[in-house]
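# Pasted the sequence and its predicted model underneath.
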Amino acid sequence: MESVIITPKNESQLSDLKKFIASSHLEAKILSDEEKEDIGLLIMMSEANMNDLVPENEIIKILVQS
């Protein structure tokens, strides 16, 4: 089944959504900012081309600059 992600603009909208979800007998999960970031990273990782290799000297150059 597909899912819907809704981001309320304020606490009042969040409260209204929670009431609607409860009265409609729907399942819901509230995600923290950290969980949303984790999902974004997971999506990026799944879309990454794992066949591309970065040369070792480029990695060392970046690490030395830090």
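Sure, I can see it. Numbers count the residues shown, from 1 in each chain.

# and stretch 22-29, how far apart are its ends?
12 Å (C-alpha to C-alpha, to the nearest Å).

# CA atoms only for the longest helix seen in the chain - export them in PDB, please.
The residue-count maximum for a helix in the chain (DSSP state H) belongs to helix 33-47. C-alpha atoms of helix 33-47 as PDB (Å, rounded to 0.1, in the frame of the first residue of the first chain):
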ATOM      1  CA  ASP A  33      13.800  15.200  12.400                       C
ATOM      2  CA  GLU A  34      16.500  12.600  12.800                       C
ATOM      3  CA  GLU A  35      14.300   9.900  11.400                       C
ATOM      4  CA  LYS A  36      13.400  12.000   8.400                       C
ATOM      5  CA  GLU A  37      17.200  12.700   7.800                       C
ATOM      6  CA  ASP A  38      17.800   8.900   8.000                       C
ATOM      7  CA  ILE A  39      15.200   8.200   5.400                       C
ATOM      8  CA  GLY A  40      16.700  10.900   3.100                       C
ATOM      9  CA  LEU A  41      20.200   9.300   3.500                       C
ATOM     10  CA  LEU A  42      18.800   5.900   2.800                       C
ATOM     11  CA  ILE A  43      17.200   7.100  -0.400                       C
ATOM     12  CA  MET A  44      20.400   8.800  -1.500                       C
ATOM     13  CA  MET A  45      22.400   5.600  -0.700                       C
ATOM     14  CA  SER A  46      20.000   3.400  -2.600                       C
ATOM     15  CA  GLU A  47      20.200   5.700  -5.700                       C
END
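
# what is the mean pLDDT for that helix?
Mean pLDDT, helix 33-47: 94.

# Against which helices or strands is the next helix-or-strand element following it packed?
Downstream of helix 33-47, the first helix or strand assigned by DSSP states H and E is helix 56-65. Packed against helix 56-65, as judged by 3 or more C-beta pairs under 8 Å, 6 or more residues apart in numbering; DSSP states H and E, are no other helices or strands. Every residue, glycine included, has its C-beta placed from N, CA and C.

# How far away from the center of its chain is helix 56-65?
The chain centroid and the centroid of helix 56-65 are separated by 29 Å under C-alpha atoms, centre = their mean, to the nearest Å.
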